[in-house]
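A.B. asks: Turn this into a structure:
(one chain, ligands or ions: 2)
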Amino acid sequence: MKQYLDLCQRIVDEGVWVENERTGKRCLTVINADLNYNVGANEFPLVTTRKSYWKAAIAELLGYLRGYDSAAQFRAIGCNTWNANANENEAWLANPYRKGKDDMGRVYGVQGRRWRNSVGEEFDQLHKIYDNLRNGIDDRGEILTFYNPGEFHMGCLRPCMHTHTFSLLGGKLYLTSSQRSCDVPLGQNFNQIQVFTLLALMAQITGHEAGKAYHKIVNAHIYEDQLQLMRDVQLKREPYPAPKLHINPEIKSLEDIETWVTLDDFEVEGYQYHESIAYPFSV
Ligand SMILES: Nc1nc(=O)c2c([nH]1)NC[C@@H]1CN(c3ccc(C(=O)N[C@@H](CCC(=O)O)C(=O)O)cc3)CN21
Ligand SMILES: O=c1ccn([C@H]2C[C@H](O)[C@@H](COP(=O)(O)O)O2)c(=O)[nH]1
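C.D. replies: Ligands and ions are numbered 1, 2, ... in the order given. The predicted structure is shown next:
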């Protein structure tokens, strides 16, 4: 939690104002943030200085791992975060690739599970990593990337947390996650849960002990209409100790994640938090 608050404070103290054309808002911005989470010690990086809707963040991750491409699929598993980008963004609504209501296009999980090469053949990046890790193999390229510049025009948003690299070392599994753009009050609150949970889940289904997860962010920002709440409310609060995440031990394979896992398979122990803050969201 300290790392998160330090990043927020750094943006408030040292951030530079940048005009963002896509949203029409200004963002107070810093470049380069490195966070790490001790998954092996189960120090779940849940924000405690406001109520965090952690289940929605895990649902979003499950949707990515399943290759979802519709906001309706995300809603069905308890996540509302894609409604606005799928249905309220003018540029996407006018895009000929949009297949109708709730379609997100070829973003995130579609790239992760059905990446396409120049002759139209598909590649399941996640399955390759899963097979290798299960067999104790780290080929130094265990990379799940949602970043496909050739298909940006086919999706509602370029992926923000775009690349997850897994590493096996001394019998432990590590994860390095890279993010190009981060809405620190809203997005980061979710993204740090997802980095932690992705490593915990992959370690569990590939039969390895989890080590640390490293989260590298390039552009970290606070939108102009979020700044006052962050500076005068959230940053004035004292954090509580980190809670623990419990994942149903019956989840044993990627197929389990694809077929029957729900939010009931995740529990948080010892979550103490300050009251919620409704940050404005920019589409
Ligand atoms: N401007 C922007 N910021 C983001 O963080 C973001 C996007 N756009 N577009 C794509 C996804 C969607 N994400 C989102 C979208 C909404 C919330 C949000 O409204 N969170 C609230 C309530 C969550 C709930 O009730 O389930 C929060 O208080 O955390 C969080 C992340 C993260 N990403
Ligand atoms: O997982 C996510 C997804 C999105 N965001 C934020 C970061 C930016 O504020 C917007 C995306 O805008 P771009 O103009 O495409 O950079 O969404 C996030 O923090 N985490």
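
A.B. asks: Let me know how buried D264 is, in neighbour terms.
C.D. replies: Burial of D264 is recorded as 9 neighbouring residues (other C-beta atoms under 10 Å). For every residue, glycine as well, the C-beta is placed using N, CA and C.

A.B. asks: same deal with K128?
C.D. replies: Per other C-beta under 10 Å, the neighbour tally for K128 reads 15.

A.B. asks: The nearest residue to L157 once chain neighbours are set aside: which element?
C.D. replies: Distances taken as C-beta to C-beta, 6 or more residues apart in numbering put N85 closest to L157, at 5.1 Å, once the chain neighbours are dropped. Secondary structure assigned from DSSP states H and E places N85 in helix 83-87.

A.B. asks: Also V12?
C.D. replies: Assigned by DSSP H and E, V12 falls within helix 2-14.

A.B. asks: Show me what counts as buried in that helix.
C.D. replies: Y4, L5, L7, C8, I11 (16 or more other C-beta atoms under 10 Å).

A.B. asks: got it, and stretch 172-184?
C.D. replies: Neighbour counts over stretch 172-184 (16+ other C-beta under 10 Å) mark L173, Y174, L175, T176, S177, S178, Q179, S181, C182, D183, V184 as buried.

A.B. asks: Tally up the residues packed near the residue nearest to R75 when sequence neighbours are not counted, please.
C.D. replies: Nearest non-adjacent residue to R75, counting by C-beta to C-beta, 6+ apart: N83, 7.1 Å away. N83 is flanked by 15 other residues according to other C-beta under 10 Å.

A.B. asks: Pull up the per-residue confidence for N83.
C.D. replies: pLDDT recorded at N83 is 97.

A.B. asks: Offset the numbering so it begins at 365, please.
C.D. replies: With the count now opening at 365, the last piece we talked about shows up as N447.

A.B. asks: ok, now how distant is it from A436?
C.D. replies: N447 is 9 Å from A436, where distance means C-beta to C-beta, to the nearest Å.

A.B. asks: and for the two, which residues touch both?
C.D. replies: Residues touching both N447 and A436 by C-beta atoms under 8 Å, 6 or more residues apart in numbering: D466.

A.B. asks: quick one on the thing from earlier: show me what the helix or strand just after the helix holding V376 is packed up against.
C.D. replies: Next along the chain after helix 366-378, taking DSSP H and E as the criterion, comes strand 380-384. If you count contacts as 3 or more C-beta pairs under 8 Å, 6 or more residues apart in numbering; DSSP states H and E, strand 380-384 packs onto strand 389-402.

A.B. asks: can you rerun that using 10 Å?
C.D. replies: Counting contacts by 3 or more C-beta pairs under 10 Å, 6 or more residues apart in numbering; DSSP states H and E, strand 380-384 packs against strand 389-402, strand 573-587.
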